[in-house]
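1. Show me the folded form of this:
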Amino acid sequence: GLSDRVPDAAIQLDGLASFRADRDSTLCGKTRGGGLCVYINTEWCKNSVVVSSYCSSLVEFMVVRSCRLVRRSKPVLKQVRTWPSGAISALQDCFEHTDWQMFREAATYSNTTDLEEYTSSVTSYISKCIDDVTVSKTITTRPNQKPWMTAEVRALLKARDFAFKAGDKAALRKARAKLSQAIREAKRAHGRSIHSHFIDSGDTRRMWQGIQAITNYRTTPPACNSEASLPDALNHFYARFETQNGMAARKTTPPSDDQVLCLTAADVRKTLRRVDPRKAAGPDNIPARVLGECADQLTDVFTDIFNISLSSATVPTCLKATTIIPVPKKSSVSCLNDYRPIALRPIIMKCFKRLVMRPIKTLLPPSLDPL
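-> Numbering: from 1, shown residues only. Okay, the predicted model is just below:
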């Protein structure tokens with residue numbers, strides 16, 4: 001047992017702090033065994049102290065106070081775009097009353113339409129209209145933020161704190177009651193939201209989202225190099241294959257009797273409606289949600305742009321622009337090859353490629369893989 005005859009060096013362990021309470025034979029009346037020893041990992045806590053200890057013939061105990069080292073994560077500020085109620089309706093009404101022919105006439109010189117100017121002005125106008133009906137907010141996200149937290153609960157928390165600091169007991173009692181009711185309702189709404197993920201067993205995406213919400217699953221994004229020279233280094237790294245290609249690009253002139261592909265408004269409307277609203281926007285800042293919700297209003301102008309592009313065998317530069325997002329493959333990045341380039345292209349360009357791909361696939365022999 002532990003007694004004053006056992007030195008501290010005999011019970012020490014590497015990386016652990018030891019706290020002992022030796023048995024006192026005069027207090028417990030026992031001479032064999034006994035005594036207490038508590039080990040605490042020094043990486044977990046470095047300021048542990050013995051608060052009290054007790055020894056008798058019935059019980060021996062020791063109280064150790066420790067404070068765990070908590071890694072505090074700083075709040076993260078994020079810029080988000082919110083869609084107020086009626087924003088899509090206002091956007092549809094704006095596009096419905098827009099004279100799209102005006103953009104083509106402004107870009108036409110000597111009976112020739114400048115496709116680059118035409119497309120750029122149309123996409124810039126759509127982006128400007130989106131900015132007018134949406135609201136950009138800066139939100140603060142914290143690692144310990146409750147998933148059921150709502151704006152109403154935050155407002156009631158501030159009201160409760162204000163009443164507490166003011167010393168108004170009646171207002172504090174009322175604020176606490178309202179806060180408790182709002183928290184219960186927020187938790188019920190959050191529970192119903194999670195339950196809705198499992199209604200359709202065929203939607204595996206929503207099922208996994210529900211499981212992640214239940215288990216509070218969060219991924220820690222790997223740290224990215226914040227040096228100012230990183231973008232230039234990545235540009236040279238990703239473009240190294242182009243520098244080795246010394247052949248200049250050539251544009252093949254189609255035969256005069258060649259039949260140019262012409263897209264119909266029905267096909268363009270159908271393609272716009274099928275756009276996945278979860279897709280990230282490209283450099284033009286036109287979200288997929290707008291193309292899907294406003295397909296009827298945007299069909300005619302985009303059909304005109306697509307057909308001019310096909311007849312002139314030219315793709316506008318603004319539709320070929322791409323935003324490259326370097327995503328680290330590993331938690332610790334050691335070289336440029338550890339970054340995976342994620343390309344964000346304009347969604348309208350993806351629709352254009354999908355429309356052109358369909359007639360091309362019909363001309364391929366069945367023995368050839370269209371992919």
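2. How about the contacts made by Leu16?
-> Applying Cβ atoms under 8 Å, 6 or more residues apart in numbering, we find Leu16 in contact with Tyr39, Ile40, Asn41, Thr42. Every residue, glycine included, has its C-beta placed from N, CA and C.
3. Among the residues you listed, name the ones in strands.
-> Tyr39, Ile40, Asn41 (DSSP state E).
4. which one of the contacts of Leu16 sits closest to Val6?
-> Nearest to Val6 among the contacts of Leu16 is Tyr39, at 15.1 Å by Cβ to Cβ.
5. which residues sit in contact with the closest one?
-> By Cβ under 8 Å, 6+ apart, the contact list for Tyr39 reads Leu13, Leu16, Ala17, Ser18, Phe19.
6. looking at the sheet around it, what are its partners?
-> Beta-bridge partners for Tyr39, by DSSP bridges, are Ser18.
7. Against Leu13, how distant is it?
-> Computed as Cβ to Cβ, to the nearest Å, the Tyr39 to Leu13 distance reads 6 Å.
8. Can you get me a residue count around Tyr339?
-> Close neighbours of Tyr339, defined as other Cβ atoms under 10 Å, add up to 22.
9. That one is in contact with Val333, isn't it?
-> Yes. If you go by Cβ atoms under 8 Å, Tyr339 and Val333 touch, sitting 6.9 Å apart.
10. where do the helices sit along the stretch 51-200 of the chain?
-> Taking DSSP state H, counting those that start in this stretch, the helices of the stretch 51-200 of the chain run over residues 87-96, 101-106, 115-133, 151-166, 169-196.
11. pLDDT weak spots in the stretch 201-350 of the chain?
-> 220-226, 242-246, 249, 251, 254 (pLDDT under 70).
12. Quick one: the helices in it, in order.
-> Taking DSSP H, counting those that start in this stretch to define them, one finds helices in the stretch 201-350 of the chain at 204-215, 230-238, 240-243, 265-273, 288-293, 295-312, 317-320, 347-363.
13. so which of the ones you listed gets nearest Leu2?
-> Of all those, it is helix 204-215 that lies closest to Leu2, at 43.0 Å by Cβ to Cβ.
14. Show me what that closest one is packed up against.
-> Here helix 204-215 touches helix 169-196, going by 3 or more Cβ pairs under 8 Å, 6 or more residues apart in numbering; DSSP states H and E.
15. Got a ChimeraX select line for the buried ones in the contacts of Tyr39?
-> ChimeraX command restricting the contacts of Tyr39 to the buried ones, with burial defined by 16 or more other Cβ atoms under 10 Å:
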select :17,19
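16. Now the two most distant members of the contacts of Tyr39.
-> Of all pairs drawn from the contacts of Tyr39, the greatest distance, 12.2 Å, lies between Leu13 and Phe19 (Cβ to Cβ).
17. what separates the closest residue to Ser48 other than its chain neighbours from Cys45, distance-wise?
-> The shortest distance from Ser48 to any non-neighbouring residue, by Cβ to Cβ, 6 or more residues apart in numbering, is to Ser66 (3.9 Å). Counting by Cβ to Cβ, the gap from Ser66 to Cys45 is 4 Å.
18. just Leu36 next, same as before
-> Leu36 is 18 Å from Cys45, by Cβ to Cβ.
19. Looking only at neighbour counts, state which of these two leads.
-> When Leu36 and Cys45 are compared for neighbours, Leu36 comes out ahead with 18 against 15, by other Cβ under 10 Å.
20. my guess is the more buried one contacts Val59, does it?
-> No. The pair Leu36 / Val59 is not scored as a contact, 10.7 Å apart, by Cβ under 8 Å.
21. For Arg206, find the nearest of the helices of the stretch 51-200 of the chain.
-> helix 169-196 (7.8 Å).
22. tell me what that closest one is packed against?
-> With contacts taken as 3+ Cβ pairs under 8 Å, 6+ apart, helix 169-196 sits against helix 151-166, helix 204-215.
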